[in-house]
Structures are given as C-alpha cells and as structure tokens.
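# I would like to see how this sequence folds:
(chains A, B, C and D, ligands or ions: 4)
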Amino acid sequence: MSARKKSQKPKVAFFDFTGCEGCQLNKLNLENDLLGILELIDLVEFREAMDDKAEEYDIAFIEGSITTPSCVERIYDIRRRTKILVALGQCAVSGGINAMKNNYPLAQVQEEVYGKDKYLFPSMPAMPVRAFVQVDYEVRGCPMSMPEFLHVLKSLVLGRKPEIKDYAVCVECKLKENECVLEKGMFCLGPITRAGCDAICPSNGQYCTGCRGLVSNMNKNGAIEMLKQHGFSVEEAIKRMAMFNTNELVKEANWGNR
Amino acid sequence: MNRQAKDISEMKCCFFDQNTTKQFIEFLMSKAKVIAPHRKGEKSFSFQETHNPEEVVLNYNRTIQPIKKFFMPPRETLLEFELNGKPKVKKPEIKIEERIFLGIHSYDMKAIRLLDFSFDRDKPEANYFLRRQKSVFIGIAYEPDEYHFAQDLGIDVYDTTGFSLFMVPAEKGFLIFEVDETGHRYLQEFGKGLPLDAELQYERPEPTKKLKMHYNRLPQIFSHVYDSPVWKKVAERCLGCGTCNLVCSTCYCFDVFDEVNLNIKEGTRERTWDSCMLNPFAQVAGGENFRPTLDSRTRHRLYRKFKYLTDYSGELHCIGCGRCSYFCPAKISLVEIINELIEDYNRQQQHAAVTVS
Amino acid sequence: MSRNLSINVHHITRVEGHGNIVVDVKNGVLKRAYLNIVEPPRFFEAMLKGRNFHEAAIITSRICGICSLGHQMTSLKATEAALGLEVSEQTIALRKLLVHGATFQSNVLHALFLATPDFLNVGSVFPLVHTHKDVVLAALRLKHLANEIGNLISGRAVHPISIVPGGFTKLPSEKDLLYLREKLLNEGMKDALFTIDILATLTDQIPDFYRETEYISLSNDYEYALYDGLICSSDAGLFPVEEYESVTNEFIVPHSTSKHAKFNRSSYMVGALARFNNNYKFLKPKAREVADKLGLKAPNYNPYMNTVAQLVEVVHCIEDSIELIDTLLDKGIKNEKPNQEPTRYGRGIAATEVPRGILFHDYTYNRKGQIEKANCIIPTGQNLANIDEDMRKLVPEIINEPKDEITKKLEMLVRAYDPCISCSVHLLDVKFEE
Amino acid sequence: MENVAREIKDLYTPVIATISLVEQLTLSEKRFWIKLPRNQKLNHHPGQFVEVSIFGFGEAPISISSSPTRAPGFELTVRRTGRLTEKMHQLGVGSQIGIRGPFGNGFDVQRFKGKDMLFIAGGIGLAPLKSLIEYTLDKRHDFNRLIILYGAKNPSEILYPQEINEWTYRDDVEMHITVDRPDAQWKGNVGVITTLIPPLELDLENTIATVVGPPVMYKFVLMALKAKRLPDVNIYMSLERRMKCGVGKCGHCQINDSYVCQEGPVYPYTRIKELKEAI
Ligand SMILES: Cc1cc2nc3c(=O)[nH]c(=O)nc-3n(C[C@H](O)[C@H](O)[C@H](O)COP(=O)(O)OP(=O)(O)OC[C@H]3O[C@@H](n4cnc5c(N)ncnc54)[C@H](O)[C@@H]3O)c2cc1C
Ligand code: SF4
Ligand code: SF4
Ligand code: SF4
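Ligands and ions are numbered 1, 2, ... in the order given. Below you'll find the predicted structure:
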C-alpha cells in the first residue's frame, strides 16, 4: 500500500473552458506543494503547462464556464471519459462573472463589443458545468480557493468525500477575529456567501463580493433587507449579489438542486 | 471559586497615574504572559498578548472575540495520527503557562465562570481546564454603551468576582483595588502605587433598564414562549450567518474533522468553533435536518442562553456583553427579541386572565 | 520545391487561452498564415456598464487571471483619472512594487515553465523535474517569491484584493517589507542568475529570424517605464496616453474573436522586447549584464528574443523592487486610508505595461459614480497582427524544413509573444496535408 | 483548579482496536466484530454506542449491536452512508480502528426485569436493539415474554437473517417480521411496521416497548402503541442525532435541553414528550 506503483496513482486531467485562467494559474502558484502533488497523482493532461493528452481519467478538473456550442460537445466528451468530475472555480461552478452578460440581451452585448461584425462570433449564455453534465464535487471561488482545492485533491486521492463547507464567510471571518468591514461602514456579501476562502477579502480590509456563490437555503429577502439597512436600494442590492451569482439568483436557472 | 467577592468599597485601594500604569503593565509582563485588549483595525478591539504596554487599550467597548479563545482556541488540533499500516495516535501537548488577563470587564469574567461550568458538566474536558488553570484576571470598570445589558442581567460593572485586582478609571489614572491574595502580592511586589486611605466617593452608573423585566424572571418567560410568533419574525431578517454564536462569550459548540497532509501519510484531527445557527449544524448523513429553519435555530440559540443550561446551572448563560447584536450584519438586537418575548408573554397572561374572569 | 503544406494547430498548448495556428501553402506559394483566436468572447465592456467605481477593478481583474494585477492597476488608474482621485506617494511606490512582482512572476512562468521546454525538446516542464531538478526548483522558488510580493502587498497574487481606487484597504507591515527585501536580495537574485546561466547555454536553440517592426511601449524620462509614462513608438515618437485610439486603430478580422491593431505599419509589437528596445537605457546594471550574457542588444528585431527580454526584466524587477522597498522603509509605512471622494465625474484613460505589453483602459463615469462606457485594449490583441506578419515572413524562409520542424518553429513563435488569449488565445492538433 | 486539570482524563483520544470478523449483511450494511487491546472488556450497557475513528476519515457514533454478555469483543453494524462508513466497509479482518466509549445511557435493564419485552425495530434500528435482545436472551429467566417486531424495506435488506432465523425458531420468542416491498419468494407479512402492532395481545401494565428506527417511524409507532393503550411510562425510544464528541460538549446532538450522547440515546417516552424537537 505504501509503495504505490505509478500505475496506481489516479490519472488526473485539467480542462479549461471560458474563464480568465486564474484558477489554472493559481495551481501553478502552489510552487511549494507542486512537486508533492505530482507524487500523488499521474497528471495526464494540462494544456496550459504541457502537450500530452490521454484517453481516460480518474479525476477530471474542469475550469471555466460553458459559453459556446462547441464547449457543450467537449464537456459531454470529458464526462464520458472520466470517473470523477470536479468543477474548479466559480466560472465552472456557477458561470461566475461571465454570467453577468446573461443579464443583457445577447445580441445587444455583441453589438456593444463588435458592432456590425457581431455575427462572426457565436455565443450563448454563460452556463455552469452542472447545467450540462453531472458534477461530483465543486471547488468554489474566483479565483478558486487553493487550500480547498488541495483538500479536495487529497480527499479524492485518499478515496473519501471532501468536506465542502456550506455556511457563511462570516464564520471564517469571526474565527480569524477580523474586524468586520460592516463596522467600518462598508458593505459585505459575507453573510450570504459560502465559506471556504478563509474570508480572505475581509482579512485584507476589502468587502466580500460573493465570489463563492450563495449558501444553500439563503434568506434572500433577509439579504436584501440587510443591504437596504446599509443604504442600498433593492435594485442595487440585487446588482451587488449578481456580480458572481447571476445564474444562482435566477430561480429558473437553479441548476444546483438536482 | 464562585464565592462572591466583597464590595469594592470595602477593599484596599491605591492610585496609579498613566505612567505608573505603564510601569505596572511592564511589571506584570515580567511575571507572566500578559493578555490585554488591543486595537484591531479601525474600530474594533481584540484580546492579544502584550509585547509593549503602549499597545494596551484600556478604554474599549468590547473585543470581537471573548476571552474564551485562550482556553478553547477557534481551531485546535485534538490528535495527530499516522494513517499507514498500524494507526498511531498522539495527543499534542498543551502548554500550561501562567497568564495574566488584564483589563477584563466584569461580564467577560462571568462568562468564564459559566464556561467553567459547561466544560465541567457531565465529563470535564482536559483541553479546556489545562489552558484555563494558572490564569490571573485583572478587571476594569467600563462605561456601558447602547449594546451592553450586563447590568440588566445582574452583573454589576464593579462586580469583582473572579478578579485578583480591579481597576477603576479615574482622572489621570486608575484606582486599583486589591481583590484577593494574588492581587495583594502583586501590589506589594510592585510597590509603587499611591495609597489611598480617604473614603472613596464614586458613582455607580444607573442600571440601564434595557430589559422590560427583572432578569430572574427570564427563565420563567422562556417556559411560555416556545411557540411565540416572535421567532418567525426574527427569522425573516436573520441570515443564518453564525456571527452571533461565533462572537458569543458563552457559546462553546464545536465541529471536528480530519485533515491529512499532502503525503497522505499523516494527518490531524481538528476542532473548530461551530454555530447552531448554521444550516448544516443538525444535519445527518441521510440528509435529515433536525433544525432546518432559521426560526427553530434562533429559538435554540436563545433557549441555550436563558433556559436549557440555566435549568442545570441556575444561572443565565447570557452575560449581556452585546457582542451578538453589535456584530450582527442584519442588526438584530437580542434585547429587542427578549423584550418582544416578554410582551408576548404579558399578552398571554392578560389573555389567560381575561378568559378566566 | 513547390510544396503543399497545411498546418492547423488546434488549441496551442502552453499559452493562456485558446487559439489555433493555421498555415496554407499551395505549390510553394503561401496562401494563408495566421493565428486563429477562438477564445469565446466574454463581453467585459458591456458588463462594466452601470457598475460602481469600486467594482470596475474587481470585474476587469477577471478578464485574465494571468494579468489580473495589470488589469486591476490599469483599471484603478483609469477610474482615478475619471474621478479625480489623487493617490499618495506611498500608494504609488507600493503599486510599482506590485507591478514588478507581477511582471517578474509572469515572465518567470512564461520563460522558464512554458517556453524552456521547447529549447530542451520536451512537451512540458514536468519531465524536467527529473532531468533538471535544480533548475526547476530554482524556477519554482522564483515564482513563489514573485507571488509572495503579490500576497503580502495586495492580499492575493491572482485577483489581488487590497488594491482599490485611491489606495490600499490593508497595508503591508514593515516586517513584511523587510522579509521581501531579504528574500529578493539573496534567494531571488541568486536563483535568477543561476537559471539564466543555464539558459545562456541554450540560446543556440533560438531560431535565427529577423523582421523589423514598430515597437510600442510606455516610456518616461526617469525609469524603465512599467507603471506609468507616455506612449512611445519606435517609428513615431511619444504620444499622450489619452490619444491611445489613434495609436491602436483596432479592427476586426474574420479569423479572430479578438480585434487586431496597427499604427504606422501593417502591424506593431508590444511586450518585453518592445520595452527593452525603447527603454534599454533605464535598465538596472545587473539586468544589462544579463542582457549581454544572453546576447540581447537594443534594438533587436528577432521576435523569438522576447523570451530573453523577459528574463532580463526579471533581474531588473528584482533590483528595482529592492530599491523601492528601501525607499518605503526609509519613509516608514504610513497608515493611510484609500482616497475615495470623487472630485469630478467624466472620462479617464490609463495605460500600464503589463507583462505582455501595453494595456489601455478607458472609462466614462456618470454623476452617480457608475460606468457609462468602457473600453479595454489588451496587449495580445495588439500583437496579433504582428504575429500574422511574422508567420508570413517566416514560413517561406523555412519552407524546406521538415514539417515537424516548421510546426515547432511556428508554435515557438506564437509562444515567444507569450500571448494571453484569455485576455484576447488556446492551442493544438497538427494536421498536415501534402 | 490548579491540580484538577492534570488529573482529568483526556476525552478525545481513542484506543486502537482490531477488527476480528467482517460479515456482509446486506448490500449496504456490514457487521464488524471488534476486539480491544489485551482483550479488555468494553463494559457497555445494551443501547450504548461508541465513537469509531478511522484516521483521515473522521469519527462517527455507532451503536453496539452485541450484548455485553457476549464480551470481551463487541459487534458494530454499519450502514454505508458517508465518509467514514464507506471507508469502514473497505476494511477487513486485522484492520485497526479507533474506539472511544461506550457513551450514552443505554436501556434501563434493571427496570425491565420481570417484564414482557416488546422490541420494535425499523431498518438499521435493529442494530442497537439486537444488543438488548441478546441480553434478554442470555438472561432469559430475568424477563417474561419477548416479542420482536421488525420491519425492513424489502427482503434483501433484512439485517441479521441468521439471528432472526434463530429467534423465529425459539419458542420463547415471538418474532414478527414485515417488509414494505416483497419479492417473488417472500411469504411473510407485507406492510409498514405499524401493521404488526394491532394484532398483539399485550399485558399493558407489564409490557415494556423499546422502539428504534428511522426518524419518520416514531410518530406512527407511537400512534399504534397509544391506540393499544400502552402506558407512556412503558415506552422507550432510542434517538439519532448528528454527533461529534459523544461527551456532551460539541452541541450537535442537542434536542432542546438534552444532550443525546449524555441523557440518551435511549429516552423514556415520558421524557420525549417534554422534548419538543425530539420526534
Ligand atoms: C447514537 C447513534 C447511534 C448510531 N448507530 C449507528 C449504527 O449502529 N450503525 C450505523 O450504520 N449508523 C449509526 N448511526 C449513524 C451514523 O453515526 C452515521 O451514519 C455516520 O455518522 C455517518 O458518518 P459518515 O462519516 O459515514 O458520513 P458523513 O456524512 O461523511 O458524516 C460526517 C460526520 O457527520 C456526523 N454525522 C453525519 N450523520 C450522522 C448521523 N446520522 N448521526 C450522527 N452523526 C452524524 C458525524 O459526526 C460524521 O462523522 C448512529 C448515530 C447515532 C447518533
Ligand atoms: S466582514 Fe463580511 S464576512 Fe466578515 S463578518 Fe463582516 S459581514 Fe461577515
Ligand atoms: S471573501 Fe467573498 S469575494 Fe473574497 S474570496 Fe471569499 S467569497 Fe470570494
Ligand atoms: S448571547 Fe449575545 S449578549 Fe449574550 S453572551 Fe452571547 S454574545 Fe453576549
């Protein structure tokens, strides 16, 4: 057991769809742990860092959201070839910031950027991976939280379910005894945003923009009420919540509740 | 150790000016690790180890985390283990160090006494008591702000129970009262204070009267408001973010989980503070959630403070520090909830009286 | 030799974003050679509309994780210009330090992790872990150090947190700065020089190819311009940043989801080589020594040398960061709050040298402090026309070489530009039809 | 305070025990026979539970499904539902796990002496009850009638076919079993467990009913028992809650003012009536 053979290591692949590649980069930023990770797994595909490709995977990590018909084909294909599929980063988990464009009529958005040449470039609403295929686990955040990614990777290599937090960022903020940014008169989406980032934004004096998506059973009216108390109109409150959560706020598009 | 100390008017007392106070802090630092309120960020305070007397802020309203973090850290390793082959477990050693807690408000001291009860009850917990022992507390009087309601719960600003010394801010310095033997020893050794023999005149702040009923009737109220509409009303605004539990001076629920190292050969069992306001708190593997709604969770939180534990210890387990309300993002006030429950109770009583007559 | 050649590299690897190389040669005549950008468009300009001034940088950061600091920095400067927000000297010094960190980390990532495998004929950096472990470890340490600058000063290297319009929400401690200084001075410089010594033995792997073009970068009269300056064209001289549109002249081409740019010629080049060519005289001494050792002299017209210029900049950034930290420490960190009280509302234009070249953000704010109109012009977009031109010159020159070799040289060419396709390209399957 | 702390025994360090037998009971349930070091006895009461540790996978409360009369080892029956339980199912004979406990109160066997015992178990609820059933069988003369009602979802999920067979053939045990969804071979009762209650003839004053099953079951069994007019004081139930520490500290298992790991998991119905969150 201790002397794992190379072939026994799980075959792991990384794939990227539409996003900023910050999550990919974040993995390369694990410098100190990178070599340790390579001991644990058999990395078979990682376009941003290597040429090799493989046919089948034990774990496929998917980054980025689905925004074109060809993305859809590719994600179906990957799902067929992998045992476990993990969505990495908010683009893959919920559509992330890309989904902000879903608030505007598509034609208008394209017009805005490409003028009369807009027909050259097909696009569709930015969708989370789970809108198309079954997602086994999620690592949230924009960029995804690295400790959480490591936790998920270690857990999956060990063969156990990862512990995914489903409570508010405020919890981590309080555990770290951060000064609450609300106390400073700023606003914050921490009370309705899923923890797992170690409250990194409030720890740096900045407000939480809700990049990890909403906690489940969120009290939406309560959240709007809270933002109103802090001086935001309902429209502004919803706009604030929508920055990373457009798809989650649109009920019809509540892909999570499979 | 729960004995009620004398009233401070009967205690020996001396005066420290600002400079002597600094020297005294230095003196204390030479005796043991000193923990005192420090500034944290723009508006908040935090208990922290003092490396320099200048950092100590003695006129503070409340710290974010209560003192319990020194006896039950927000995150602690319960066990270290090896996974491979025959499992080996080791309990990490807990250092027993002498600590002086300086500038503690009377309610925060009371909270420690309540936690002593909770950690002793049923099965005493070594982790807590190992850290808890060898602590000396030096209290300080405070000026209640709009969120404090400790006085309403019967905890006097000048309550010296549990302290060794007690400081009262005075013009250009502090009055230092000798509360117990240790305190007496400290003052003797330090030997710099200006002795005060004259009869002291000082004002006790007016009781705040924030609660609409005497505190010793609260458990009784709580026997009648389990099904009150107030819970649902609070739940409409509550975000279930857990802040109230996580800053509470007397909460001590926790979560436990295993974390493995990158080599997946060793790991640790960790415990962190938890909160009964969080959705997954009472959820089991099958998906069943025994407290699925925010009203049931809010009710549980308050019942733990005013009824459940009270029935065992005979004391209220809220000390009126106001942390939960002060830090609540939705600005839900505990005092308001209690007052609404009192009103609800009064209505019930009136109604009962009417129906009887 | 009248050869037929069709190359289609689908989703080229080891670059950020998705792009394909397409080359078509019929009877020895070059029909087509271009980089086909297929990264789905993401419509950031539209998403910015109606957003609050302190949200702009958070959103534009997500244009690209690789250049997130560059986007944030440029966005903040544009916002500050539009709203008349003054920032302090300390803020500028800390920001410059961050720009150095980002340039340093991105250049190390590209030169050592993405481009070097080509020189050693392997498909990725991972096999090098076994064959060149000490180099890989040094490179990892360098990257880590660069990221530490980002982490300590802005909270996070990818999508920085504490840099906001008007200043910082959290300031580094003097202890943090001392720690960084110590690491840069000892470990950082040592590792950089060590890896450069190894790479110096591989410079013969760099293809011999020259094509003079127009080089555009920021420039000023006091330093190797990265954070601030005027637009400098090697053909036409200096222009104020506000006139960026007359320099970039963006146009749409059918083979690319990203717009192209041109100024005085059919294309221009931005990035490390352009900066090196335009600003050589401000390079720090060690950086100049390294340039000499690696055979890079200004001006240099070989686009493949962009990678080498990046390494030279790594050394420059380390040297200048140490100086910046010294100045900051001399003055002591002042506890300043961000200045977020607008004095005007209107249009603001800003440019920063990000690792891949000059980046422009242009916002117009309404009186509520919300964005009405936004435009972002990304370095890779500006380089695309130049890459196509390079390919059109290169393919006929190497047409007699084996097809693998041609493909490799084309891929290396594209990689040399360190294209950031998320900002504007992914790479490939190779198909040959002869 | 000064010296107490040193003397307090650590609550959270498990002892390392060894799995000495594994049996696959159903598709998702296995039972494990566990031995403590040096063949120590666990000294438990029927109805108590232990905290099982698998390092790297966590800890979970599991009822002891064997009677203390069958010591020194003890038996655990585990349903595969999550992190720890899935790993446990991969373990074989000789594997080592951590054990803390026994915890909880267990059944009040002293009070049950001389009584008619009515055991009502749904699904995996039979595991904690088996401990009590075996106890009463091993001290058969201490008890009067023994009636076992057991309901399973379908015949393939019947937990302990061997034991049930044995109980069925003993003439001093009345064994009734029902399934929700029968298969082709099934010849016995069909329907939910409450259908087994009305036909029983009970000596109401002297019958103790012990109920363990999934959360939904309790309400309906209670209604059936009340319909029979079984006195409330004669009804006992074992409840399940989320649990982390097992020693009355972590707060997860609390039902109103009661910590299930301290006061429970077995509650007399008279107490459950006071606990509004209980069922
Ligand atoms: C008193 C008692 C006796 C039990 N007896 C048995 C038994 O004999 N056989 C059996 O198969 N199961 C029994 N359970 C249920 C068993 O504890 C859970 O199925 C188990 O905790 C799931 O853990 P996991 O790590 O596999 O699942 P995960 O979902 O990964 O759970 C993680 C953690 O959550 C907590 N948790 C989750 N579900 C439960 C739960 N239902 N009860 C308590 N804590 C939970 C535990 O602390 C667990 O470690 C009992 C529960 C209690 C409270
Ligand atoms: S800063 Fe935000 S996340 Fe942190 S406690 Fe305050 S509201 Fe919650
Ligand atoms: S604090 Fe909020 S915005 Fe920041 S990383 Fe965490 S979830 Fe995202
Ligand atoms: S319930 Fe609120 S006021 Fe009472 S002790 Fe806890 S935090 Fe303080």
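# switch to C-alpha atoms for all contacts and neighbour counts from now on
Noted.
# what helix or strand is residue 59 on?
Chain wasn't specified; assuming chain A. According to DSSP states H and E, A:Ile59 maps onto strand A:57-63.
# you looked at the wrong chain, it should be chain D
Using DSSP H and E, D:Glu59 falls in strand D:58-63.
# around the closest residue to C:Thr343 other than its chain neighbours, count how many other residues there are.
With C-alpha to C-alpha, 6 or more residues apart in numbering or on different chains as the criterion, C:Thr343 has its nearest non-adjacent residue at 5.2 Å, and that residue is C:Gly84. Residues within reach of C:Gly84, counting by other C-alpha atoms under 10 Å in any protein chain shown, total 19.
# ok, B:Asp152 next?
Per other C-alpha under 10 Å, the neighbour tally for B:Asp152 reads 21.
# ok, it - contacts?
Counting by C-alpha atoms under 8 Å, 6 or more residues apart in numbering or on different chains, B:Asp152 touches B:207-211, B:214-215, B:320.
# thinking A:Glu172 is in contact with A:Cys201, fair?
No: in this structure A:Glu172 lies outside contact range of A:Cys201 using C-alpha atoms under 8 Å: 11.0 Å.
# against ligand 1, how distant is D:Leu11?
Going from D:Leu11 to ligand 1 by C-alpha to the nearest ligand atom, to the nearest Å gives 16 Å.
# mind checking pLDDT for the closest residue to that residue other than its chain neighbours?
Nearest in space to D:Leu11, with sequence neighbours left out and distances taken as C-alpha to C-alpha, 6+ apart, is B:Glu125 at 6.6 Å. pLDDT recorded at B:Glu125 is 93.
# what are the boundaries of the helices in the stretch 151-258 of chain A?
A:169-175, A:200-203, A:220-229, A:234-249 (DSSP state H, counting those that start in this stretch).
# using PDB, write down the CA coordinates of the third one.
Coordinates of each C-alpha in helix A:220-229 appear next as PDB, following Å, rounded to 0.1, in the frame of the first residue of the first chain:
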ATOM      1  CA  LYS A 220     -32.900  36.200   0.100                       C
ATOM      2  CA  ASN A 221     -35.400  38.700   1.500                       C
ATOM      3  CA  GLY A 222     -33.300  39.000   4.600                       C
ATOM      4  CA  ALA A 223     -30.200  39.600   2.500                       C
ATOM      5  CA  ILE A 224     -32.000  42.400   0.500                       C
ATOM      6  CA  GLU A 225     -33.200  43.800   3.800                       C
ATOM      7  CA  MET A 226     -29.700  43.800   5.200                       C
ATOM      8  CA  LEU A 227     -28.300  45.600   2.100                       C
ATOM      9  CA  LYS A 228     -31.100  48.100   2.400                       C
ATOM     10  CA  GLN A 229     -30.200  48.800   6.000                       C
END
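# can you give me the pLDDT of A:Leu122?
Wrong residue type there; residue A:122 is Pro, not Leu. pLDDT, A:Pro122: 56.
# same thing with B:Gly267?
The model reports B:Gly267 with a pLDDT of 94.
# point me to the residue of chain A nearest chain B.
A:Gly222 (4.5 Å; C-alpha to the nearest C-alpha).
# neighbours around that residue, how many?
With other C-alpha under 10 Å as criterion, A:Gly222 counts 19.
# now do B:Phe16
By the measure other C-alpha under 10 Å, the count of residues near B:Phe16 is 22.
# and the residue nearest the centre of chain B, how far is that from chain C?
Closest to where the C-alpha atoms of chain B average out (C-alpha atoms, centre = their mean) is B:Ser249, at 2.6 Å. Separation of B:Ser249 from chain C (C-alpha to the nearest C-alpha, to the nearest Å): 28 Å.
# for that residue, helix, strand, or coil?
What DSSP: H, G, I helix; E, B strand; the rest coil gives for B:Ser249 is coil.
# repeat for the one 10 residues further on
Assigned with three-state DSSP, B:Glu259 falls in the strand class.
# now A:Phe14
Following three-state DSSP, we place A:Phe14 in the strand state.
# next one: C:Asp197
C:Asp197 is classified as helix under three-state DSSP.
# okay, now it: neighbour count?
Neighbourhood size, C:Asp197 [other C-alpha under 10 Å]: 14.
# looking at it now. What's its pLDDT?
At C:Asp197, the pLDDT value in this model is 89.
# state the distance from it to C:Ser106.
Distance, C:Asp197 to C:Ser106, by C-alpha to C-alpha, to the nearest Å: 19 Å.
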